[in-house]
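A.B. asks: kindly generate the corresponding structure for this input.
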Amino acid sequence: MEIQGIQRITLHKAFEKELSRLGKKYRTIPEDLRTFVDVSVRAVHLLGQKPEDMGHFPIQGLGIENHCCFIAKRFTCRSLMGNGSKSGIRVVYRFEKDTLDLLLIELFQKKDKKLPDLNRVKSILESDYSDN
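C.D. replies: Model (predicted):
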């Protein structure tokens, strides 16, 4: 996936599994994800749109400074006709403004799970920071 202004997009291996699982149920999700990154993530992190206006909220309680980790609560899935951006699909990601790198961490439906797995997010972020 190549998006203007974003240097590198990485899908965590657990995210890839979730994308595959949801992709079987909602066939447009891979393309919807590309649109989400191209429009929503770029608007927030590269074009200066307020995160809350686009449905992106910083994840609190990770205990890691400058983690730039967000949960996006507005994700339009064309397979869920009539719902628009209120599809109930959540995307957890980290965007590094210095390097323009995007890491997609978690993908889930609100009806299956209310909150992101903070332990998983924290362990991914800690392992990334220890590698640098």
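A.B. asks: how many neighbouring residues does F95 have?
C.D. replies: Burial measure for F95: 20 neighbouring residues, criterion other CB atoms under 10 Å. Heads up, the C-betas are built off the backbone N, CA and C, glycines and all.
A.B. asks: swap in A14?
C.D. replies: Residues within reach of A14, counting by other CB under 10 Å, total 15.
A.B. asks: give me the helices and strands touching the helix or strand containing it, please.
C.D. replies: Here A14 sits within helix 13-25, counting by DSSP states H and E. Under the contact criterion of 3 or more CB pairs under 8 Å, 6 or more residues apart in numbering; DSSP states H and E, helix 13-25 touches helix 29-35, strand 101-109.
A.B. asks: give me the angle between that helix and strand 101-109.
C.D. replies: 50 degrees (axes from the mean of the first three to the mean of the last three CA atoms, to 10 degrees).
A.B. asks: what comes up buried for helix 13-25?
C.D. replies: Neighbour-count burial for helix 13-25, counted by 16 or more other CB atoms under 10 Å, picks out F15, E18, L19, L22, G23.
A.B. asks: farthest-separated two in these?
C.D. replies: F15 and G23 (11.8 Å; CB to CB).
A.B. asks: what mean pLDDT does the helix holding A14 get?
C.D. replies: Helix 13-25 carries an average pLDDT of 94.
A.B. asks: any idea how far that helix is from the middle of the chain?
C.D. replies: Per CA atoms, centre = their mean, to the nearest Å, the displacement of helix 13-25 from the mean C-alpha position of its chain is 13 Å.
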